[in-house]
Each structure stands twice: as structure tokens, then as C-alpha cells.
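Peer 1: let me see the structure of the following:
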Amino acid sequence: MNIIVTGGSGFLGQALCKKLQEFDHNVISLSSKEANLLDINALDKYNNINFEKIFHLATWTQAGDFCIYHQGEQWLINQRINTTVLNWWKECQPQAKLISIGTSCSYDENIDLVESNYLRGSPREELYCYAMTKRMLLIGQQSINEQYSLNYLTVIPSTLYGINYNMKNKQYHFIFDLINKILGYKYLGNDAILWGDGNQKRELVYVNDFIEEMLEIDKSLENDIVNIGAGEDYTIKQFAENICSILSVEPNVIKYDKNKYVGARSKKLVTKKLDSILPKRKRTLLEEGLKKTVKWMEKIYTDRL
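Peer 2: Numbers count the residues shown, from 1 in each chain. Sure thing, here's the model as predicted:
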């Protein structure tokens, strides 16, 4: 099977490409070096290949408070990226199924985070622009399907974690940020200061589990949207305590800065649709996945000292 992956050099992209290659698929992985998706013609060089799948992972954003300070850029850049991919899909690869990645940020946190609500209500103000570009991506897929009968699938992940995260990122997603700060305390004596009061809740899905479930869903579902969440969430304090235990650090060293940006207090995805499609799925236990991730990051961290 011929498969093309935008955002192939990212955390999810690298893991996805590796899994697809294990199935002996012909996988073309694209980073911005291989294809600048701000150019509407960036994908034309691949017109001579008939792709069965297009995995669209590419997006322009960062973790933390990045969205607060880059609203205009996020709108312009992400709309151009998505338009390039949607246009190429429609014009040059109509036989392909387009699988895109949405974001939990698109949900209105005041209503259930269930798929039927993805386009309803308003996302958080500080995440509004990025969230709406993701909503527009889904609307683009839906519109192309309705007019031209092309097939798509959109999956909404919880926060993904695991090994091989890009530690060169300027701002880490929350779980990697927690690990990094606690490593900083253990090896350098830095203050381990976490954002918020520690009571905000988050859910995690191990990146390999997410990929396996996405690929299974893709076999049986099309022209739809599915949450891939953990079904349970924990406070930042609980995550921090687990990380401290793995690293043999006393949890009372953790400090909290209540003045820092924390985003939603909780954003646990409703996974009833996922449960009905994959009722017997097996997941990496949180303590197991967290231990793998922490130990991998600890080696990276100490190798740099």
C-alpha cells in the first residue's frame, strides 16, 4: 500500500511511519524540508504515485502558552497547510482516504467532549484560533466528501506520550515538561516549579497504543470522527508524584506557580464510540508507559550533562 504522511518528522509522525513500515507499506514521510505545505503546489512532485492513504499530521503549533501569542500566525499558517493538503487530495489523489488528526482543544469544555459536540460551542478563548483551524479542517473534509464523495476519517487524541519525543522542542507538552523539571531538580538542583496549583486534570494515551487503535478504526470506519482517549484522567500532582517515585525524588520538592497559564481544568474525552468499535483493546498501563518514558528521558538528560 502506498501511504503518505505529512508531519512525518514529528513525535507522532515518526512512530506512525515506523509502524506502517512494519506492515511493509511504501511510506513517504514528509517534513517541512521535503514539502513546504505553505506552497499550494508542494505535493505535486508526488502526483505520479497513487496513494491509498494520506495521513495528515502536519500542523503549526507548540505546547504551553504558545497559542496565546501567535493567534494570527496560527490561523494563516495552518489554514494554508490544510488547504494545500485538501486541494491536493481532491485534485490529485481522489482515490485516497484522508486521515487527519484533530485536537481536544476544539471542544467547548462546558459541554461533554463527545464527537457530536466537536463543532459545537466555543473553544477556550486563548486556544480559539488554533482550535478553529482544526474545526475548519474537519469541515473541509466533510464538504469534499459531500460534493466529491472522497473518503476521510478524523481522530481526536488525548495527550500522547512515550519515548522518542523531540527534546529540542522549545516548549514541551505537559507530561514531558513535568519529567524535565523533576530531572532538573535531581541532577542540577534546579527548582521544580510546575504551572498552576496542580489540581488541573489531564489524560494520557501511550503513542503506540494510539497508533494501533487509529489503524484498527481506519479498517472499519470512514467519513466520521472518533475520540481516542484514555477514559480516565489524573491531576498534575498525581503525575508529578508518580514521576518523583520513578526517579527516587521526594515529591515535597515540587513547587506550584498559580500565576502561570494552565489551560482547561480538565478535558477528558468521551470514548463511548471508541469502546463500541474496539471493545477489547489492550492499553499500556499508565505506570508502565510512564516508567518507560521517564527512563528514556533520564538517559537523554544525563547524556547531555
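
Peer 1: give me the sheet partners of the particular helix or strand that has Ile225 in it and which way each runs.
Peer 2: Using DSSP states H and E, Ile225 sits within strand 224-228. If you go by DSSP bridges, strand 224-228 pairs up with strand 152-157 (parallel).

Peer 1: now do the contacts for the residue of the chain positioned farthest from its centre.
Peer 2: Within the chain, Gly189 marks the point farthest from the mean C-alpha position, 31.4 Å out by CA atoms, centre = their mean. If a contact means CB atoms under 8 Å, 6 or more residues apart in numbering, then Gly189 has no contacts. C-beta coordinates here come from the backbone N, C-alpha and C atoms, glycine included.

Peer 1: any idea how far Ile175 is from it?
Peer 2: Distance from Gly189 to Ile175, counting by CB to CB, to the nearest Å: 22 Å.

Peer 1: got it, and Asp39?
Peer 2: When Asp39 is compared with Ile175 (using CB to CB), they lie 34 Å apart.

Peer 1: pLDDT below threshold where in the stretch 51-200 of the chain?
Peer 2: For the stretch 51-200 of the chain, residues meeting the criterion pLDDT under 70 lie at 64-65, 169.

Peer 1: now the strands: where do they sit in it?
Peer 2: 53-56, 97-101, 152-157, 159-161, 192-195 (DSSP state E, counting those that start in this stretch).

Peer 1: from the rest of the structure, what touches the first one?
Peer 2: Outside strand 53-56, the residues that touch it by CB under 8 Å, 6+ apart are 1-7, 16, 82, 85, 89, 93, 96-101, 137, 218.

Peer 1: change it to 6 Å
Peer 2: Ile3, Ile4, Val5, Thr6, Val85, Trp89, Ala96, Lys97, Leu98, Ile99, Ser100 (CB atoms under 6 Å, 6 or more residues apart in numbering).

Peer 1: so what strands line up beside it?
Peer 2: Assessed with DSSP bridges, strand 53-56 is paired to strand 2-6 (parallel), strand 97-101 (parallel).

Peer 1: could these go into TSV alongside mean neighbour count and distance to Gln21?
Peer 2: TSV is the format used below for the strands paired with strand 53-56 (neighbours: other CB atoms under 10 Å; distance: least, CB to CB, whole Å):
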stretch	mean neighbour count	distance to Gln21
strand 2-6	24	9
strand 97-101	23	17
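
Peer 1: need those strands in TSV (columns: distance to Glu52).
Peer 2: Putting the strands paired with strand 53-56 into TSV (distance: least, CB to CB, whole Å) gives the following:
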stretch	distance to Glu52
strand 2-6	6
strand 97-101	7
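
Peer 1: I'd like to know which of these is closest to Asn252.
Peer 2: When the strands paired with strand 53-56 are compared by CB to CB, strand 97-101 sits nearest Asn252, at 38.1 Å.
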